[in-house]
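> after the sequence you'll find the predicted model.
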Amino acid sequence: MVLEYKFKYLSNNNTLIKFLKAIVSEMNLAFEIFREEDFIYLYIKAEENELLEVSDKLSTQLPMSIFLKDYSLEVVLEIPNKDKLQIKEDFNLPYCPICVKNVENKESSDYYNPFFKCNICGSSSNEKTLILQEKASNENSLIDFLNNKEVFEFLALKLFENKRVKIKTKLGSFVFYKTSKLKSKDEKVLCTNINSLSKLTVTSKSKTVALLSIEKPVIDFVLNAVYKLNNELDFDTVKIRYAYDLTLYLLSLELQKLEVDFLTYEESDSFDYELNYDSLNDELETLTTPYISIYDEKILLLENKNYDKKLDDVYNKFKSKSKSQLMVLIEENKLYEKSILNIFTTSKYNDNISLYSKKIDGVIDILNYDVPSSLNTIFEEIALEDSGKRLLKNYKEKFPLNFEEATNYQISKREKNSIFVLWDYAAVVLGFDKENTNTTFGSILLENAQKAILQKGPRIDYKLKQSDKLFNKEFDLTKFIKSGISFKLAGVDDKTLSFGYLESYAYFLADIIDSTNSEFPLDGISLSGDLISNELFYKLITKAITSNFNLYYNKDFPIQL
Amino acid sequence: MGCREKETLMNILILGIGNILFQDEGIGAHFIHYLDEKYEFHSSSNTISIVDGGTLAQRLIPIIVKYDKVFVIDCIDALNSKPGDVYFFDYLNAPSEIDWQGSAHEVEMLQTLNMIKMNGDLPSTDVLGVIPKRIADDTTFELSFEIIKAVDTMEDTIIKALKKLDIELVVKNDNITIEDIALISFKREIVNGPRI
C-alpha cells in the first residue's frame, strides 16, 4: 500500500523535507519525497499498521512551521517516478518536539540538558557545561549546583525577584529581566508562558502557532486595551518571541511555576547573574530567526536571513531597489514566463510600479513618483487654476498657521520619491499633530488612519496626469493635495482624512492594476516593500484588488531589505 | 407536463454621482446614501444595488454594464429651470432642454454614458436629475435650501419607479434627513452595495 502525503509549504527552504526524511528514515520503510511548486509530496510504501505508525510519528514529531499551510493524504497505486530531490545544506534550527520530549523526560539522561543532541532536527552541540556566576564588584563568583534543573530553578527565582540575568543564547548574549511597564514599541519581549499572551496582547490562533513554530520568529503584537490603559502607554504594539533555544525553553518552564510570563531582553553589561557555557566553537550562535507580520493567515517576512544565497546575486544585479526586489520575487516564485505587475511601496526607498513580462523582454516602469523640491511649488501649481486660487485663499484664511508652516517647511534633498514622502507633505499641509518628534509625518498619517477605526473614508484624489502611454505615467500631485485641503475645509478631522489617504491609495493601485490589465493582460500582481506590512494598508489593498489576480509575495527573502 | 419558467431576474443599479465637496453638486451621492439609510429594499424577482459613483466617471463603466436597469442620480442643467427643479427621463430620450455642462463631473458622466452607448453595452438607463444652486468659493457639505426641498420630489419619483420594477421599499429609519446624511456620506459604508 502506498500513502501520499501532500503538504502545502510556502517556502523554498528544505526544513520540512529535512524533518520528513529524518522521521521516516528511522522506520526503515521505502519512501520518496518530491517537490512541485508550493507542494511537498511524501510517498511511503508499507503495510497498513506501519503506515498508521508513521502517521502517529509525524503528528507528534513534525514541528509547526510558519510556512506549512495545509496537508492532506490519500492512498495511491504506486510511488511515482520523478527526479530525486537534491537537498543542499540547510539552516540551523532552534529545537523541535523531540528535543522538548527528551529534555522534559525525568528518566532521560538528557533531562534539563540544554545541549541535547537531536537526530531529527539536527540541533546539536558538543558536550558543554553550564557555568553559573554571580557578578561581584571585583570578580564574578562561581555558583555550584548539583544538576541543570537547579540552575534553571535558581535563575527563575532570581528573575522573579527582579534581578537581571545575562544568558548566553543561540542568538548571542542578552540580559533578561522581568517585564514590568513596557518602555517602547521596540522593547524586545520573550513570552515564557504562551497561555498568558492575552494578558499583554490581542492575540490570535495564527499568531500563537507562529510563535511556537520551528522558525521561532519575532512578531509584532497589538497591546490589549486594559494593559495599555493600566500602564498609560502611548504606543500600540510590542515585539514578542518565544524561547528560541533549549536554555530559554527550560528557563521558561521554571518561570511559569512562578507566574513570570514575560521577560524583557537587551544587550547590556548591567546584570546580577550570568549563565554561560564553555564554548569550544560557536556553531550554535549561527542561528538566525525571522521577524514577521501575520494578518489573517498571511505571513510577511520583514527580516529573514534563511534564504538561498543565490538570491543575493539576483538582488545585487540591479541598481534600483524596486527592480532588485521584483527580480528576486520572480526568481523565488518561478514567474519568468508570466506577465506580472509589481507594486513596490516603501518608507525607505523610491516607490515603483512596474510591469515584468517575457513578451516585452524585461521590465518597464508604469509609474514613478516625482517629489517636488518645496511645498510652495505645489501651492504655485494649485494656484494656476482659479478654483485652486480660491481654495488656497480659503485655506489660508481658515487655517493660517497650517498654511504658514507648510510654506516654511524644509524638504530634504535626500527625500525618496515615494507615496510615503507625499503623505508626509500632505500631513504637513493639513497640519496633522506630530507629538513625537522622532516620527515622520508620513508615519503620523499611518498611525492616524489606524486610529480612525472606519470602514470607509473620504475619497482623496490619486490621479494620473492625462497620458495615452501605458508606461512612465505621471502622478497628479496637485489634485492629491487639493482634495485633502477641500475635505479639511469641509470639516473632516485628521484621523478620518488620514484613513481617506490610505484607503484611496489602495483603490488607486487597484485602478492601475485594472487599467494595465486591460491594455496588457496580466497573470498576477506582486506586492513588495515595507508598507504592505502595515496591517491596515494590507487589508485595504487586498480588499481593493477585486479582480481574480494571483497575488505573489517574496517567499523566503524579506519584503524589503 | 411542462414546468413553469421562473421569472427573469433583473439586476437594478441606483448610481449616485457628484462631487460632495462642492455643496449641491454632491446631491447625487448624498441622495443614494439617504435612500440606503432610510429604506430596506425587497423584491421577489429583482436585485437592487446602490453605488456611490462620486466622480469616478469612466471607472464606473465596468460596474454600469453589468446591470439590466440603471438609475443615475445626478445634478444637471436645463434651459428655463431654477435650483431645486427635478427631472426624470430616459437617457436615450432626454428632453431637449436638458444640459449636462454645469460642472466637470457632469461632463465626465455624460461622456461615460456615451462611451458605453457607443460600445452597445448601455443598459436601460433613467436619469433622476436635479438643478443645483451653484455657489463657488467654499468647500462644505452643507446643501442649499432649494436642493433640500427637492429631495421629497426625488424620493417620490424613485420610489414610484422602483415599485414598477417590483421593488418594495420599507422604511427602516424615518429620522434621517438629507442634511444629516450629507455630513457623513463621505465615510458611510453602503448597506445595499453591489449584489453582482
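Structure received.

> what sits against residue 26?
Since no chain was named, I'll use chain A. A:E26 is in contact with A:57, A:119, counting by CB atoms under 8 Å, 6 or more residues apart in numbering or on different chains. Quick note: C-beta positions are derived from backbone N, CA and C, even for glycine.

> um, chain B though
By CB under 8 Å, 6+ apart, the contact set of B:G26 is B:18-20, B:141, B:182, B:185.

> now with 7 Å?
Residues in contact with B:G26 (CB atoms under 7 Å, 6 or more residues apart in numbering or on different chains) are B:18-20.

> please report which of the residues you listed has the highest neighbour count.
Using other CB atoms under 10 Å in any protein chain shown as the neighbour criterion, B:G18 leads the contacts of B:G26 with 30 neighbours.

> enumerate the residues of the stretch 351-500 of chain A near chain B.
Contact residues (CB under 7 Å from any CB of the partner chain) of the stretch 351-500 of chain A with chain B: A:390, A:394, A:454-459, A:486-487, A:489-490, A:496.

> spatially, which two of those are the most separated?
Spatial extent of these (CB to CB) is set by the pair A:R390 and A:Q455 at 32.3 Å.

> neighbour count: these two, which is higher?
A:R390 (15 against 11).

> sec struct for the more buried one, please.
Following DSSP: H, G, I helix; E, B strand; the rest coil, A:R390 is assigned to helix.

> not counting sequence-adjacent ones, nearest residue to A:E4?
Among residues not flanking A:E4 along the chain, A:V76 sits closest, at 4.7 Å (CB to CB, 6 or more residues apart in numbering or on different chains).

> shouldn't that neighbour be in contact with A:V2?
Yes: contact criterion CB atoms under 7 Å: A:V76 and A:V2 qualify, at 5.2 Å.

> which one's more surrounded, those two?
Taking other CB under 10 Å, A:V76 and A:V2 do not tie; A:V2 has more neighbours (18 against 14).

> which pLDDT value goes with the more buried one?
Per-residue confidence (pLDDT) for A:V2: 93.

> that one and A:D56, how far apart?
Distance of A:V2 to A:D56, computed by CB to CB, to the nearest Å: 18 Å.

> need the longest helix for chain B.
Ranked by number of residues, the top helix in chain B under DSSP state H is helix B:145-164.

> elements contacting it?
helix B:27-38, strand B:86-90, strand B:124-130, helix B:178-184 (3 or more CB pairs under 7 Å, 6 or more residues apart in numbering or on different chains; DSSP states H and E).

> take those and write them to JSON lines, including mean pLDDT and mean neighbour count.
Output for the helices and strands packed on helix B:145-164, formatted as JSON lines (pLDDT from 0 to 100; neighbours: other CB atoms under 10 Å in any protein chain shown):
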{"stretch": "helix B:27-38", "mean pLDDT": "97", "mean neighbour count": "26"}
{"stretch": "strand B:86-90", "mean pLDDT": "95", "mean neighbour count": "16"}
{"stretch": "strand B:124-130", "mean pLDDT": "95", "mean neighbour count": "22"}
{"stretch": "helix B:178-184", "mean pLDDT": "95", "mean neighbour count": "18"}
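
> give me the phi and psi angles of the residue nearest to A:E4.
Dihedral pair for A:V76: phi -120, psi 170, per degrees, to the nearest 10.

> repeat for B:I12
Phi and psi for B:I12, reported as degrees, to the nearest 10, are phi -110, psi 140.

> same question for the one 5 residues further on.
In terms of degrees, to the nearest 10, the main-chain angles of B:I17 are phi -120, psi 150.

> contacting residues around it?
Counting by CB under 7 Å, 6+ apart, the residues that B:I17 touches are B:28-29, B:53, B:72-74, B:105, B:109.

> A:E474 contacts A:K465, doesn't it?
Yes: at 4.3 Å, A:E474 and A:K465 qualify as touching, with contact defined as CB under 7 Å.

> can you tell me which of the contacts of B:G26 is nearest A:D433?
For those, the residue nearest A:D433 by CB to CB is B:I20; the value is 25.6 Å.

> need the contact list for that closest one.
Applying CB under 7 Å, 6+ apart, we find B:I20 in contact with B:26, B:29-30, B:141, B:185-186.

> for chain A, which residues are neighbours of chain B?
Residues of chain A that fall close to chain B, judged by CB under 7 Å from any CB: A:390, A:394, A:454-459, A:486-487, A:489-490, A:496, A:511.

> least confident of the contacts of B:G26?
Comparing the contacts of B:G26 by pLDDT, B:N19 comes last, at 88.

> what's the closest non-adjacent residue to the residue nearest to the spatial centre of chain B?
Nearest to the mean C-alpha position of chain B, counting by CA atoms, centre = their mean, stands B:I73 at 2.4 Å. Ranked by CB to CB, 6+ apart and with sequence neighbours excluded, the top spatial neighbour of B:I73 is B:G28, at 4.3 Å.

> okay but that neighbour is in contact with B:L56, surely?
No: if you go by CB under 7 Å, B:G28 and B:L56 don't touch, sitting 11.9 Å apart.

> which positions in chain B make contact with chain A?
B:21, B:54, B:59, B:136-141, B:186-189.

> and the angle from the longest helix of chain B to helix B:27-38?
Helix B:145-164 runs at 60 degrees relative to helix B:27-38, counting by axes from the mean of the first three to the mean of the last three CA atoms, to 10 degrees.

> point out where the stretch 301-450 of chain A drops to low pLDDT.
For the stretch 301-450 of chain A, applying pLDDT under 70 flags the ranges A:413-414, A:434-442.

> can you flag which of the residues of chain A next to chain B belong to helices?
Those of the residues of chain A next to chain B lying in helices (DSSP H): A:390, A:394, A:486-487, A:489, A:496, A:511.

> ok, the residues you listed vs B:K117, which is closest?
Among those, A:D511 lies closest to B:K117 (CB to CB), at 22.8 Å.

> and the residue lying closest to the closest one once chain neighbours are set aside, helix, strand or coil?
In space, and not counting its chain neighbours, A:D511 is closest to B:R59: 6.2 Å by CB to CB, 6+ apart. Classification of B:R59 using three-state DSSP returns helix.

> just the pLDDT for B:R59.
80.

> before we move on, the earlier item: show me what contacts the residue nearest to B:I73?
B:16-18, B:73-75 are the contacts of B:G28 under CB under 7 Å, 6+ apart.

> repeat for A:E153
Contacts of A:E153 (CB under 7 Å, 6+ apart): A:E254.

> that one and chain B, how far apart?
As for A:E153, its distance to chain B is 56 Å (criterion: CB to the nearest CB, to the nearest Å).
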